[in-house]
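[1] Next one to model:
(chains A and B)
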There are 2 protein chains.
Amino acid sequence: MSAPSAPAAAAPAISLNEAQQQTYDLITRNLQEVLGEDIIKSKLAKDEVVSCYWGTATTGRPHIGYFVPLTKIADFLKAGVQVKILLAEIHAFLDAGKATFETVAFRVAYYSKLLHAVFTSLGVPTDKLSFITGSDYQLSKEYSLDNFRLASITSLHDASKAGAEVVKQSDSPFLSSLLYPGMQALDEQYLGVDFQFGGVDQRKIFTMAQDCLPRLGYAKRAHLMNPMVPGLAGGKMSSSDPNSKIDFLDSAADVKKKIKAAFCEEKNITDNGILSFHKAVLFPLQTMRIAQLVERGEDPSSAENRNKLFISPNAPEGTLVTIVRDDRFGGPVHYQTFQQIEDDFASGALHPGDLKKITTEMINDLLEPVRKTFSEDQAFQDAERSAYPPPPPPQKFVKKSKQEKKAEKAKEKPASGPDAEKFIEQQKDAIATTEADKPDATHAIMSDKA
Amino acid sequence: MSAPSAPAAAAPAISLNEAQQQTYDLITRNLQEVLGEDIIKSKLAKDEVVSCYWGTATTGRPHIGYFVPLTKIADFLKAGVQVKILLAEIHAFLDAGKATFETVAFRVAYYSKLLHAVFTSLGVPTDKLSFITGSDYQLSKEYSLDNFRLASITSLHDASKAGAEVVKQSDSPFLSSLLYPGMQALDEQYLGVDFQFGGVDQRKIFTMAQDCLPRLGYAKRAHLMNPMVPGLAGGKMSSSDPNSKIDFLDSAADVKKKIKAAFCEEKNITDNGILSFHKAVLFPLQTMRIAQLVERGEDPSSAENRNKLFISPNAPEGTLVTIVRDDRFGGPVHYQTFQQIEDDFASGALHPGDLKKITTEMINDLLEPVRKTFSEDQAFQDAERSAYPPPPPPQKFVKKSKQEKKAEKAKEKPASGPDAEKFIEQQKDAIATTEADKPDATHAIMSDKA
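    Predicted coordinates for the structure are as follows:
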């Protein structure tokens, strides 16, 4: 019965069968927030492949905080989502002052090498994973025109607000930092994805994207947000704070030293970067690894596999990690959930020293294959050297002649014109090298026609 | 003799021979300001071709105020300068709210047709003149990358300041209007010119360009500025104020009516758009026309030619214009300089009615060949219709059903995606049509590789 003035009925909830619902739950588990879930569900209901992108601006050295999104991306891949990883070197440049175009170009090659190595070490299926760089399409005519169209509907106020938590802030920001958030919206269209994934710090950019794309005549995308995970030293994990980060290429000894120095106060579970890392990374990865063994037809309870997984041979069924202690400190303790480890830490039953010890071992176990790949791959090493050249050695003070000073000053100027074409070629080469190295070539590079 | 601590000597003045100096004087006469004269002089000193660009954003209908820059451009052409006219349709779009991309694309074709017709009617040599549209190169990879580089060194403050007199102002401007000034700087590089020409209202954009280009590793360009000429109704001539403008296609009767209505107070020479038009346009054009006759080997003093030039057959040598009056109002009066006409007007010896009469005749004489070209050129007429469609006829109020209202609302939305590629193709077609029409094909279109 519908009276003429009755309001339109709300769209019926999208109903998923059991398998589809399981896929949806896997895609969205452990997230802090999902915007636009129906966009994903409507695809799943038709058994269509869902696609997403995660972008990372190639600024500082990636640190092990990257395990947080990568762990979630492993969920997406496991759920059959087609994942595009955007190495956003143009965004890196736009976020004022963080790097020059020349530097970010080198970093693209390093990020690409590194992320490939990490995914491979995690044993995640990468056939639905592709790497794209910003310059693959953000310099195209179509994108440039859309960028102008977007700029014509984006006020200074909206752009500043959107970038507030992500882009370097200032009273009189550079225009580049104002362009940054909108381009993240356009990327959703140009990468042709159903959702964008990121930390919850991206929320204002994501809601701006949801507002803008339909105004340009494009489809609104869903947005999936990870909680923010504090760094080992507490606070947001940042590549610019050396105390809060462990580099993917740190030696085992360095990892041990950094974790030893991390803030991890007895019984304090609210400001504890190490516990957070267990929750966001180590526990989900343990679950994933066990599932991988089962898929390969192996017995995850065999002594050999349990040893690899940091689980005692005699641990009860369902254990995800065993913390080995001297009997005088309570003996080994087996955890099946993160909640249990957190509860024990809160009560004081688990001591910071024991937590740090297992954390060091597990992180080094994750990093060992990455370090090995690096040590065996000359191109990887070259990329690292060019992307992050060592600082020049400190110089002794020598009194310089006026002529010497003048010559140095001349060198400081931008040596020559920008040579944009050279940059573009260089970018192509960087990726081509990375791709050519991969015998299985599963990581297709998208063309301009994305 | 040079002591070690002596300051570097100032660069020696560039010395020009007589012909070079004459060329320089012709290039710079009647301007309000020249920045970077040495850039031009150093080219002239080597007898190299000087090049420049003048950009016009294809927003409203061009009005006869355009005769002001075009008269100066005639000087440049006469001086052998290679002149590029940028039909800046992307700038038109960026200057928020003035037009959609679809509309500005049509306007490019109209501007191109019209400006060709005007130059032809003025008889100026156009072999060193070329037309370029913004989308010919402003969407290229190289330009996009440079636009990002420029955005990364341009603060919000600097961009706002530069655009203050040109771009629509607001407390929270659209990002597009902030990008506008910088792109005008980049255009100098991408058009490969020695100087940019514009009204003195462009001064802040010009000084920004002088600051920015060297910071991107590009050469600083010179800037030549025309004085601002008030509209016929007084104030800056604007295409958005119908009272201040005479359209290039206005009928002779419309011109007469508009000039009759123009503010032209007896003895008032400080706020007098008609006198200003004589100074900036009509007198320089008279001089040019006489010179053209001499060049063609004709006698400018022949009765026929004097008749065409609004000069009485019995006027003294050197007369540029004769104002014909009844003997009871003082009889005909002959002017050799603009100063004389201004002095007579100031003293009351020349009456507004007589000034308006000769102005009407001279403007109609300038417009007649443009009107004729328009009436004989179907493509010109089509371009005009698409660029400036007539407003829809006023509708009677009819009560609408809810369904009708809903259907209308749906139509208001941007009908579909932007189809940037379509826009780009459309632009190519618009220009191709204009070019193909020209039998002499003197107006080359620049390629992307500008």
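[2] Let's test this: mean pLDDT of the biggest helix by length in chain A, rounded?
    In chain A, with assignment by DSSP state H, the single longest helix is helix A:352-376. Mean pLDDT, helix A:352-376: 96.
[3] elements contacting it?
    helix A:101-122, helix A:252-261, helix A:273-277, strand A:321-323, helix A:338-347, helix A:378-387 (3 or more C-beta pairs under 8 Å, 6 or more residues apart in numbering or on different chains; DSSP states H and E). Backbone N, C-alpha and C define where each C-beta goes, glycine included.
[4] closest to B:N268 out of the ones you listed?
    helix A:101-122 (57.3 Å; C-beta to C-beta).
[5] Any regions of chain A where pLDDT drops low?
    A:1-11, A:96-99, A:125, A:169, A:233-244, A:394-450 (pLDDT under 70).
[6] how about the helices and strands packed on helix A:352-376, which one is nearest A:E18?
    It's helix A:338-347; of those, that one is closest to A:E18 (C-beta to C-beta) at 26.4 Å.
[7] Quick one: closest of the helices and strands packed on helix A:352-376 to chain B.
    helix A:101-122 (6.8 Å; C-beta to the nearest C-beta).
[8] so what does that closest one touch, helix or strand wise?
    Using 3+ C-beta pairs under 8 Å, 6+ apart, helix A:101-122 sits against helix A:67-78, strand A:82-87, helix A:89-94, strand A:129-133, helix A:352-376, helix A:378-387, helix A:420-437.
[9] Packed most tightly, which of these would that be?
    Across the helices and strands packed on helix A:101-122, the average number of neighbours (mean count of other C-beta atoms under 10 Å in any protein chain shown) peaks for helix A:89-94, which reaches a mean of 28.
[10] how far is that one from where the chain is centred?
    16 Å (C-alpha atoms, centre = their mean, to the nearest Å).
[11] Identify all contacting residues around that helix.
    The contact list for helix A:89-94 (C-beta atoms under 8 Å, 6 or more residues apart in numbering or on different chains) reads A:55, A:57-59, A:98-101, A:104-105, A:107-108, A:133-135, A:138-139, A:176-177, A:179-180, A:183-184, A:427, B:148-149, B:151-152.
[12] So how do I select the buried members of these in ChimeraX?
    Remark: buried members of the contacts of helix A:89-94, expressed as a ChimeraX selection using 16 or more other C-beta atoms under 10 Å in any protein chain shown:
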select /A:55,57,58,59,98,99,101,104,105,107,108,133,134,135,138,139,176,177,179,180,183,184,427 /B:148,149,151,152
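[13] Near chain B, which residues of the stretch 51-200 of chain A are found?
    Residues of the stretch 51-200 of chain A lying close to chain B by C-beta under 8 Å from any C-beta of the partner chain are A:90, A:93-94, A:96, A:101, A:135, A:138-146, A:148-159, A:170, A:172-176, A:178-179, A:182.
[14] Equivalent analysis for the stretch 201-350 of chain A, please.
    Residues of the stretch 201-350 of chain A lying near chain B (C-beta under 8 Å from any C-beta): A:215-218.
[15] Just the ones of these in helices?
    A:R215.
[16] Mind checking which of the residues of the stretch 201-350 of chain A next to chain B are buried?
    A:216-218.
[17] between these, which is closest to chain B?
    A:G217 (4.0 Å).
[18] quick one, phi/psi of that closest one?
    Here is the backbone geometry of A:G217 (degrees, to the nearest 10): phi 90, psi 10.
[19] ok, now the one 5 residues further on?
    Dihedral angles of A:A222 (phi, psi; degrees, to the nearest 10) stand at phi -80, psi 160.
[20] so what's A:Y53 bridging to?
    On the basis of DSSP bridges, A:Y53 is bridged to A:K84, A:Q196.
[21] Now do the contacts for it.
    Contacts of A:Y53 (C-beta under 8 Å, 6+ apart): A:83-86, A:132, A:187-188, A:191, A:193, A:196-197.
[22] ditto for A:K43
    A:49-50, A:194.
[23] cool, A:A387 as well?
    Taking C-beta under 8 Å, 6+ apart, one finds A:61, A:103, A:106-107, A:109-110 in contact with A:A387.
[24] try 10 Å this time
    Contacts for A:A387 (C-beta atoms under 10 Å, 6 or more residues apart in numbering or on different chains) come out as A:58, A:61, A:99, A:103-111, A:113-114, A:430.
[25] Helices along the stretch 201-350 of chain A, start to end?
    A:203-215, A:252-261, A:273-277, A:283-295, A:303-308, A:338-347 (DSSP state H, counting those that start in this stretch).
[26] from memory A:S301 sits against A:P313, does it?
    Yes. Counting by C-beta atoms under 10 Å, A:P313 is a contact partner of A:S301 at 8.6 Å.
[27] more crowded one of the two?
    Under the criterion of other C-beta atoms under 10 Å in any protein chain shown, the comparison of A:S301 against A:P313 puts A:S301 first, with 15 against 12.
[28] how about the nearest residue to A:S51, chain neighbours excluded?
    Nearest non-adjacent residue to A:S51, counting by C-beta to C-beta, 6 or more residues apart in numbering or on different chains: A:Q82, 4.1 Å away.
[29] gap between that neighbour and chain B?
    Distance of A:Q82 to chain B, given as C-beta to the nearest C-beta, to the nearest Å: 22 Å.
[30] which residues does that residue contact?
    Contacts of A:Q82 (C-beta under 10 Å, 6+ apart): A:49-53, A:76, A:127-130, A:192-194.
[31] And for A:V166?
    A:57, A:91, A:95, A:177, A:180-181, A:184, A:198-199, A:201-205.
[32] ok, now how distant is it from chain B?
    Counting by C-beta to the nearest C-beta - A:V166 and chain B are separated by 16 Å.
[33] That residue and A:A185: what is the separation?
    13 Å (C-beta to C-beta, to the nearest Å).
[34] What of A:G60?
    For A:G60, the distance to A:A185 - C-beta to C-beta - is 24 Å.
[35] Over to A:Q292?
    Distance from A:Q292 to A:A185, by C-beta to C-beta: 36 Å.
[36] hmm, back to that, intersection of neighbour lists for A:V166 and A:A185?
    By C-beta under 10 Å, 6+ apart, the residues touching both A:V166 and A:A185 are A:I205.
[37] What are the structural domain limits within chain A?
    A:18-226, A:252-387 (automatic domain parsing).
[38] Adding distance to B:I27, write the ones you listed out as TSV.
    Shown next, in TSV, are the domains of chain A (distance: least, C-beta to C-beta, whole Å):
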stretch	distance to B:I27
domain A:18-226	34
domain A:252-387	48
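[39] what are the phi and psi angles of A:V324?
    According to degrees, to the nearest 10, A:V324 has phi -90, psi 130.
[40] what's the closest non-adjacent residue to it?
    A:P332 (5.0 Å).
[41] quick revisit: who's more crowded, A:G60 and A:A185?
    A:A185 (25 against 16).
[42] Please, which helix or strand holds the more buried one?
    helix A:175-190 (DSSP states H and E).
[43] Using CSV, write out every CA atom in that helix.
    Taking Å, rounded to 0.1, in the frame of the first residue of the first chain, the C-alpha atoms of helix A:175-190 are listed here in CSV:
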residue,chain,number,x,y,z
LEU,A,175,49.6,25.1,-3.0
SER,A,176,51.0,21.6,-3.5
SER,A,177,49.7,20.6,-0.1
LEU,A,178,46.3,21.9,-0.9
LEU,A,179,46.2,19.8,-4.1
TYR,A,180,47.2,16.6,-2.2
PRO,A,181,43.8,15.6,-0.7
GLY,A,182,41.8,16.0,-3.9
MET,A,183,44.2,14.0,-5.9
GLN,A,184,43.7,11.1,-3.5
ALA,A,185,40.0,11.3,-4.4
LEU,A,186,40.7,11.3,-8.1
ASP,A,187,43.0,8.3,-7.7
GLU,A,188,40.0,6.2,-6.7
GLN,A,189,38.5,7.0,-10.1
TYR,A,190,41.7,6.6,-12.1
